[in-house]
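> Following is a predicted model, sequence given first.
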Amino acid sequence: MKEVILVKDGELALKGLNRSTFEDKLIKNIRRRLSHLGKFHFEKAQSTISVMPENGDTDLDEAAEIIGKVFGIVGYSRAALCDKDFDTILKTAEEYLYNKLEAVRTFKVESKRSDKKFPYKSPEISREAGAYILKRHPHLKVDVHNPDLIVYIEVRDRYTFIHGNQEKGAGGMPVGTNGKGMLLISGGIDSPVAGWMMAKRGIELAAVHFASPPYTSKRAEMKVHELLRKVAQYSGRIKLYTVRFTEIQEAIRDNCPEDTFTLVMRRHMMRIASMLAEKEGCQALITGESVGQVASQTIYALGCTDKAAAYPVFRPCIGMDKTEIIEISRKIDTFDISIEPYEDCCTVFTPKHPKTKPTPELLEETEAVIDWTELLKIAAETAEIRYISLREDAE
């Protein structure tokens, strides 16, 4: 019995004349993510993409798990593919879903006949298939309102697809259909969530992490790699720049008032991230900041930070409280990694009483004590590059 995976593309159906472009990008993303499992054939029809393995030994369990994390997919199902012979359809439906039918108490059959030349109409297919299943599973009852299992029979132009309940997909838009963004990622809870949220809206991710050895450890950097690997399960491969930030932070400590340390640091991070964003062809910066969460994230401080950025700054967590952010971090499996006790550079030289209502003019005056141009340029140019994939052995 040949098995395929049926992918429902949801929101893409609203794209009108551009729909094909979005679907082609989605197929490209799926193909890339499944490449280590072998070759697949793809067919598009009626808001559904059929993912067909070319090798009968393909691990469809792993393929389905991967597809469930590809943005742009609202739902997916493993399905049996059979000929458009009515007796074959009935037999395949019962045999393919046998274990599921044995495990439930109620069911119904939903049929869809796209091929109008097929001699049975949709209600007739459902009625006959339901009767066939009831005869072989007498413990079952039909429940058309709230069944434990729905048996789907889809008669298409070339094949018939049979499957059970649809699994929920990751939703959103295919990554790469809405430009590219540079994610500023620390080792905390918020920034991986922010990257995941923007990737869900179709933004391809690059990332920059600021390290301050010897104040921060190599293990802290590895923590960031682990976080990005979790995000990459949804977004695809991420190019990571690790910037050595120690010299800049020490210069801030030695030349700026203590209450401005964090603000000046954040502004320099934005400047370096902007340089790397230009190099990568990004159209925006992405951070995990949320209004009022810490002193550097007051509305005044965020305004001052934006002044130093050369690109729009996307903050998808801006109106969320910590509980909401943690809920998403648990969903994408980054929370336990984020709370590991490894320091990041944002905690180095933290002022005791940070300024919460700064002005751009004040910070510009503070920064003017030395020329930062060369320090920032060197930090950007000497950043270490690493590609983070969803599988460590693929990096």
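Sure thing, it's come through.
> can we go C-alpha only for contacts and neighbour counts from here?
Noted.
> ok, the closest residue to residue 63 other than its chain neighbours to residue 390 distance?
Closest residue in space to residue 63, ignoring its immediate chain neighbours: residue 34 at 6.5 Å, by C-alpha to C-alpha, 6 or more residues apart in numbering. Separation of residue 34 from residue 390 (C-alpha to C-alpha, to the nearest Å) stands at 11 Å.
> Residue 360 too?
Where residue 390 is concerned, residue 360 sits at a distance of 40 Å (C-alpha to C-alpha).
> re earlier: burial of the residue nearest to residue 63, as a residue count?
Neighbourhood size, residue 34 [other C-alpha atoms under 10 Å]: 17.
> list the contacts for residue 357?
By C-alpha atoms under 8 Å, 6 or more residues apart in numbering, the contact set of residue 357 is 298, 300, 301.
> so which of those is the most crowded?
Going by other C-alpha under 10 Å, residue 301 tops these with 23 neighbours.
> How about residue 246: what's its closest non-neighbour residue?
Residue 246's closest residue in space is residue 212 (C-alpha to C-alpha, 6+ apart), at 4.4 Å.
> For that neighbour, give me its contacts.
Residue 212 sits in contact with 244, 245, 246, 249, 344, 345, where contact means C-alpha under 8 Å, 6+ apart.
> can you check residue 128 too?
Listed by C-alpha under 8 Å, 6+ apart, the contact set of residue 128 reads residue 90.
> distance of it from residue 87?
Residue 128 is 10 Å from residue 87, by C-alpha to C-alpha.
> Tell me the secondary structure of residue 61, please.
helix (DSSP: H, G, I helix; E, B strand; the rest coil).
> Could you report the neighbour count for it?
The burial count for residue 61: 9, using other C-alpha under 10 Å.
> Just the pLDDT at it, thanks.
Looking at residue 61, its pLDDT stands at 94.
> got it, and residue 129?
Residue 129 is given a pLDDT of 97.
> give me phi/psi at the residue nearest to it when sequence neighbours are not counted?
Excluding the flanking residues, the one nearest residue 129 by C-alpha to C-alpha, 6+ apart is residue 90, at 5.6 Å. Main-chain dihedrals, residue 90, degrees, to the nearest 10: phi -60, psi -50.
> My read is that residue 90 contacts residue 130, right?
No. Using C-alpha atoms under 8 Å, residue 90 and residue 130 do not qualify as a contacting pair, with a distance of 9.0 Å.
> how about the helices of the stretch 201-350 of the chain, start to end?
For the stretch 201-350 of the chain, applying DSSP state H, counting those that start in this stretch gives helices covering 218-235, 246-255, 261-280, 299-307, 322-331, 335-338.
> Any chance of CSV for those, columns distance to residue 42?
Formatted as CSV, the helices of the stretch 201-350 of the chain follow (distance: least, C-alpha to C-alpha, whole Å):
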stretch, distance to residue 42
helix 218-235, 20
helix 246-255, 49
helix 261-280, 31
helix 299-307, 44
helix 322-331, 29
helix 335-338, 35
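> where does the protein have low pLDDT?
345-348, 391-395 (pLDDT under 70).
> Please go through it and pick out the longest strand.
The strand that spans the most residues within the chain, counting by DSSP state E, is strand 73-82.
> Are there helices or strands packed against that one, and which ones?
When contacts are defined as 3 or more C-alpha pairs under 8 Å, 6 or more residues apart in numbering; DSSP states H and E, strand 73-82 packs onto strand 2-8, helix 60-67, helix 86-96, strand 160-163, strand 167-171.
> To residue 260, which of the ones you listed lies closest?
Nearest to residue 260 among these is strand 167-171; the distance by C-alpha to C-alpha comes to 40.8 Å.
> Neighbouring strands of the closest one in the sheet, and parallel or not?
strand 73-82 (antiparallel) (DSSP bridges).
> the inter-axis angle of the strand it pairs with versus strand 2-8?
150 degrees (axes from the mean of the first three to the mean of the last three C-alpha atoms, to 10 degrees).
> Next, the angle helix 60-67 makes with strand 73-82.
Using the same axes, to 10 degrees: strand 73-82 against helix 60-67 is 160 degrees.
> still on that earlier bit, for the helices and strands packed on strand 73-82, give me CSV that also has distance to residue 266.
Listed next are these as CSV, based on distance: least, C-alpha to C-alpha, whole Å:
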stretch, distance to residue 266
strand 2-8, 42
helix 60-67, 36
helix 86-96, 57
strand 160-163, 52
strand 167-171, 32
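> highest average neighbour count across those?
Counting by mean count of other C-alpha atoms under 10 Å, strand 160-163 has the highest mean neighbour count of the helices and strands packed on strand 73-82, with a mean of 25.
> Partner strands of it, with direction?
Strand 160-163 is paired, per DSSP bridges, with strand 73-82 (antiparallel), strand 149-155 (antiparallel).
> now for these, which one comes closest to residue 278?
Nearest of these (C-alpha to C-alpha): strand 73-82, 30.3 Å.
> can you list contacts of the closest one?
1-11, 64, 67-68, 88-89, 92, 96, 159-173.
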